[in-house]
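what shape does this take:
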Amino acid sequence: MTLISKAAGALSLISCIHDIHKTALISSNKEYSKAAANSVVSLSVNHQKADNISFKDAQRKNWLSRSNYFASIKEGFAKIKGYVKGFLNTSLRYIPNFACAALALLMGKKHDKIANIAALGLGIIESFDFVKNSLSPQNRDDYLNLK
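Have a look, this model is predicted:
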């Protein structure tokens, strides 16, 4: 049974890390999109304003607006911030999985029962997650029936 518990722990660990990375990428892209949209609006409003009317200043502002030099720096930092934020938020959700996987993987021959209980715990956690998030039994599904 320890081979099964070790395999369950390894597969759960790989699954968690993969999901954390993919979720962090989604969060990164979301933050990037928000920063890009905000910089477009900000630059548009900023380049429409002028303290003094001047052809030279208007040409310079138009060039800066078209080239969009400074926006890419903000967007790059937003992408990194989004990845870290998504990584940390998703990692917190998987703490029970990490604990059970670590117990299943690190317990030696003397502690087979603990490794087996941890593998059973992983099964329970994954089953609960499947029922709660995939089947959505608690979510309202009668949106078409107005009451």
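
every contact and neighbour count from this point should use C-alpha atoms.
OK.

residues near Y143, how many?
7 (other CA atoms under 10 Å).

quickly find the element holding it.
Element membership for Y143, per DSSP states H and E: none, as it lies in no helix or strand.

run the chain-centre distance for the helix or strand bottoming out on mean pLDDT in the chain.
Considering only helices and strands, the least confidently modelled element of the chain by mean pLDDT, DSSP states H and E is helix 55-67, at a mean of 75. From the chain centre to the centre of helix 55-67 is a distance of 38 Å (CA atoms, centre = their mean, to the nearest Å).

kindly report the same for stretch 91-107.
Chain-centre distance of stretch 91-107: 19 Å, with CA atoms, centre = their mean.

buried residues of it, list them for me.
Buried residues in stretch 91-107, counting neighbours by 16 or more other CA atoms under 10 Å, are found at S91, Y94, N97, F98, A99, C100, A101, A102, L103, A104, L105, M107.

need the nearest residue in space to the second one, chain neighbours excluded.
This means Y94. Leaving out its chain neighbours, the residue that sits closest to Y94 by CA to CA, 6 or more residues apart in numbering is C16, at 6.8 Å.
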